[in-house]
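Visitor: Kindly return the folded structure for what I paste below:
(one chain, ligands or ions: 1)
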Amino acid sequence: MKGKFTTIAALLLLLIGAVGTLPARAQVSELPSLREIYKDCFDLGAAVSIAGWSDQTLDKHSELLAHHFNSLTAGNEMKPDATQPWPGTFRFADADRMIAFAQEHGMKVRGHTLVWHNQTPQWFFRDGSNQLIYEKETITAEDRQAVIHRLEQHIEAVVGHFGDAVYAWDVVNEAVSDTGGSIYRQDSPWYRILGEDYIKIAFRKAHEVNPNAKLFYNDYYIDAPAKRARTLEMLQKLLAEGVPIHGVGIQGHWSVNDTRISEIEQSIRMYAELGLEIQITEMDVGMQGFTEEEQAERYRELFQLFKKYSDVITSVTLWGTTDDTSWRRDESPLLFDANQQPKPAFWALVDTEKPWYANRAEYLGAVAFLSSSGQRLGVLRPGEYSIAELETLGFTLEEVAGLDVEREHLITFYSQEDLRGEAWHFTTTDSFPGRALAAEAKSLSIRFLESKNIALNKPVRASVLEDRAARAVDGDGLTSWSPSAGPPYWLEVDLQGNFLLSRWVVRLHGSGPLGGQVAESPFNAADFRLQVSDDAITWRDEDVVEGNTASVYEGSLDLVPARFIRLYVTRPTSVELNYSLYVYELEVYETGLEESSAKAPGDQAAEVVSMVEIKQLPYEYRQTLPKKQRGRLEEFSYPVSHYIDRERQLVTAQGLKAKEAGRETVEGEPITKQAYIYLPPGYDPEDQETKYNVLYLLHGVGGSRYEWLRGSGTAHDTYVICNVLDNLIASGEIEPLLVVFPEGRSAHDWTDTAFNPQKTNLLGFYYFDYELRHDLIPFVEANFNTYADITDTSPEGIAFSREHRAIAGLSMGGMQALNLTLGGHRHDFAAFTGAAGDPQNGLAPTVLAQGMQDLFAYVGAFSNAPTSSPGTVLGQGIASSPHRIELLYMTCGDADAIAMQSYRSAADGLREAAGDNLGAFYQVVLKGRGHDFSVWNHGFYNFIRLCFGKVETAEPVDILLTLD
Ligand code: XIL
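Guide: Residues are numbered from 1 along each chain as shown. Below is the predicted model of the structure:
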């Protein structure tokens, strides 16, 4: 009998189109409950319509709502035009009905919305003579009073009516401008009459009426950098004024193609850093020419993100239930279709760690058994079965002539009970040998075999446009290999190993006739095939596609062995004479089922070169670790004999000459300064055996020894900067180290943080090197267990110590790290020119600092301030030192109006001038970031890993990065 069917599945005839025929209609009760799945993460809500003129989804979808959601929002019925259509006439019946429904089904209710420029009756804005106040040339105090009164009355009545039945309110909706120039939306009647004040008036009133309610500011696009910056500014202002605002509602009207997950993530962090709760209040994801599967993928990524931040995200509301009732119905943006059936997007949310179809298979079945006439005999979910059990489904194996197997699933028949004996594997087939197998098989299993795209980032060759060919396997669906010469074309991928292929996908998006996203178009590649090879010389066709118009082609493969694969295109589009082909992504999948250990001839183990990857500070690293894993902060005092005195002279104990210092020098009494030091967990002052690296971390012009600590943020009352250190140490990424937070002004008035070039405190920034060298470092190294020992002046001692010290600073401190460590200018315009008043540039260059290369091998400058010396000067400073700078790390936000220019000029020409005396030179530009801790925390995290990381780094290289 053996040999009648092969052990690897028999012929696979067709599975064209992404979605199989497998699922039948599902009853609501058969579906997993989303509210149940997410109950430990956040509330899951839906917007409903209740009013007579609408679709009334509250009634039509009541079963669906109660099954999947534990929060409701009225799509329209709580807006001002619904609740108070005429002065003093209130309508609450619709909303009350929703609240009754919610209470009956254990759901919360969000109130949407009290103050908005839309759906608000004009009577709010009319004066006594019925004129629209916001159109008047002069708005009187009386007008304003009247409008404030109505605003407060409205809030009082509406918030008062609902009381605690509404736990959260979108108090103000969409107040921020979409365009630059102003924070606030200019066309809002509220703004035109009351200016920005209306916002706080509304929040204060709402809080007064119901102090239990959580009050939200709600808006769209506030997860994109530009509008986010305006929103943050507004929120910060409100919070600073003590306005009772508790959360931000990110509406979440997204689309498949314009959703930047990294920006949304960044936004969540930034809002959370203000101490605000975050809710996604109106989520929908428009399809815009994309497929339902791509939409599902987007939903999956978004929910993965929400789960990651479930400590700050308390609710996610979908703006509707079914596509046909959506306010964006043309874009089918929701989880359920017009028949209330779950879409791939729904299934994607059931378990975001698995593909949507694997989730669906768990509930609706993974294998359908078909008769010879193609009729469905029965369906099974993944699991283990005995053949006899099929009869309980109402059919026998003998009758089965075809199988419809869900993607990435495999059905295996075994010659013995309990999955033992000989095995026969199948994927989808319409020539299934049911009769023969019935005599042989005793048990079967259906498994999900998670497959991975093994073409990703593998070496490619192409017949044309080879330099762009890698774009087809780079995992980025926005970049393409796009030849346009005469066909045929081919693109070949070396899989670098032998695999059994189960599936392949070609993404052709963007080739619609109008350049937009069109899922189905004659401009999509028409005729192409997948070929495989063992030697890249002889090729076999494995799948041949003709007359294709779909933007995504997906084909099953019958566990095809391959080492090389090739996309072979004979007709780039079905429009004659159009030779433009767009292949955004070519993917092939393997199941890992029988991974071959065979190595192709000439294969060599890839050279392992570890690199510290420059990346976002992981969110977890901001969090507080258990006490035992936390380091501690100590404040210490130390004597300083090197500082600027009242007469702008340098006080020094070294007998320095005026020429070298660039000003008169005198002897004088030491002053006492304070600094902080971070001591890592387990630090024991008595244990002289255990030594530590040390980082000196400098602050900015308005800052002090507190700046890094307080400015980096707090999490549960611990400083983020300390949490980052604790986490880096706990994870074993870096060696434990000490971090010193000094005060950067070496001046008698060092405690004065004012920015005033006429004062001496600012000048003190440019003379910090003397204090550091002669006062601070000797003190630290005498009193803490550092590897470095400044008293050892032997050549070996100096070489050893400098490898265990690092220096970095933000803004003015970044300037200090550059000018003073590498040897740049000192500045003091006021003293040197004798100029009165505040000169244009504040300060002017004087002598060069002598540099501290003998003390530090690692230097970091984060958003280095203006008056940083030019790159040529700094580079010469490096080149002229007998010591090599192993690492110079510079970073800046490209939206930083204060430092971007000085960052550029300090970096320009530096490498050329420094030559080999500089090891690695990192220049990391962060897109859309300003002069703030999002850049400095990032810089700190990456710099410290480069200096004291445990990863062996490759030979130093220059890294130029622009990061989102
Ligand atoms: C929409 C409703 O869904 C529609 O029925 C209505 O016609 C217009 O308003 N941002 C908001 C929501 O804050 O109130 C809007 O709701 C969608 C955009």
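Visitor: you'd agree K759 is up against D749?
Guide: Yes - with contact defined as CB atoms under 8 Å, K759 counts as touching D749 (6.8 Å). Where you see a C-beta, it was placed from the backbone N, CA and C, and this is true even at glycine.
Visitor: low-scoring pLDDT stretches of the stretch 1-150 of the chain, where are they?
Guide: Applying pLDDT under 70 to the stretch 1-150 of the chain flags residues 1-24.
Visitor: For the ligand, give me its nearest residue in it.
Guide: The minimum distance from the stretch 1-150 of the chain to the ligand, using CB to the nearest ligand atom, falls at G75 (4.4 Å).
Visitor: ok, that residue touching W319?
Guide: Yes - if you go by CB under 8 Å, G75 and W319 touch, sitting 7.3 Å apart.
Visitor: Tell me, how many residues neighbour the residue of the stretch 351-500 of the chain found nearest the ligand?
Guide: Residue nearest to the ligand within the stretch 351-500 of the chain: T352 (25.6 Å; CB to the nearest ligand atom). Neighbouring residues of T352 were enumerated by other CB atoms under 10 Å; the total is 18.
Visitor: Please report how far it lies from F369.
Guide: According to CB to CB, to the nearest Å, T352 stands 30 Å off from F369.
Visitor: again with L132
Guide: As judged by CB to CB, L132 and F369 stand 69 Å apart.
Visitor: Which one of these two is surrounded by more residues?
Guide: When L132 and F369 are compared for neighbours, F369 comes out ahead with 24 against 14, by other CB under 10 Å.
Visitor: what does the stretch 51-200 of the chain put close to the ligand?
Guide: 75-76, 173 (CB under 6 Å from any ligand atom).
Visitor: you'd agree R110 is in a strand?
Guide: Yes - per DSSP: H, G, I helix; E, B strand; the rest coil, R110 lies within a strand segment.
Visitor: I'd guessed it sits against T314; true?
Guide: No - at 10.6 Å, R110 does not count as touching T314 under the criterion of CB under 8 Å.
Visitor: Report the set of residues contacting both of these two.
Guide: Overlap of the contact sets of R110 and T314 (by CB atoms under 8 Å, 6 or more residues apart in numbering) consists of Q279.
Visitor: Which one's more surrounded, those two?
Guide: Using other CB under 10 Å as the criterion, R110 and T314 rank with R110 on top: 26 against 17.
Visitor: wait, what's in contact with the more buried one?
Guide: Residues near R110 by CB under 8 Å, 6+ apart: 45, 71-73, 166-170, 279, 281, 315, 317.
Visitor: redo that, cut-off 7 Å
Guide: 45, 71, 73, 168, 281, 317 (CB atoms under 7 Å, 6 or more residues apart in numbering).
Visitor: The fifth one touches G247, doesn't it?
Guide: Pointing back at T281 there. No - assessed by CB atoms under 7 Å, T281 is found out of contact with G247, at 9.5 Å.
Visitor: So between these two, which is more surrounded?
Guide: The residue with more neighbours, out of T281 and G247, is T281; 30 against 25, by other CB under 10 Å.
Visitor: Surely that one forms part of a helix?
Guide: No - assessed with three-state DSSP, T281 is strand; it does not lie in a helix.
Visitor: Not counting its neighbours along the chain, what's nearest it?
Guide: G249 (3.8 Å; CB to CB, 6 or more residues apart in numbering).
Visitor: And for A754, the neighbour number?
Guide: 11.
Visitor: And L960, by the same measure?
Guide: Neighbourhood size, L960 [other CB under 10 Å]: 10.
Visitor: So it: helix, strand or coil?
Guide: For L960, the assignment made with three-state DSSP gives strand.
Visitor: My guess is it contacts V924. True?
Guide: No - applying CB under 7 Å as the test, L960 and V924 come out as separate, 8.2 Å apart.
Visitor: So which residues of the stretch 101-250 of the chain form strands?
Guide: 108-115, 168-173, 214-219, 247-250 (DSSP state E, counting those that start in this stretch).
Visitor: Repeat that for the stretch 551-700 of the chain.
Guide: Counting by DSSP E, counting those that start in this stretch, the strands of the stretch 551-700 of the chain are 552-571, 585-590, 632-640, 643-644, 650-651, 665-666, 671-679, 693-698.
Visitor: again, but for the stretch 351-500 of the chain
Guide: 367-370, 376-380, 383-386, 402-405, 409-416, 420-426, 443-448, 452-453, 460-462, 489-507.
Visitor: follow-up on the earlier one: quick one: residues contacting the residue of the stretch 1-150 of the chain closest to the ligand.
Guide: 47-49.
Visitor: just those residues that are near the ligand?
Guide: Okay, of these, nothing touches the ligand (CB under 6 Å from any ligand atom).
Visitor: In helices, which of those appear?
Guide: Applying DSSP state H to the contacts of G75, no entry is found in helices.
Visitor: Strands - which of the residues you listed land there?
Guide: 47-48 (DSSP state E).
Visitor: for the chain, which spans come out with low pLDDT?
Guide: 1-24, 510-517, 592-612, 829-845, 951-958, 964.
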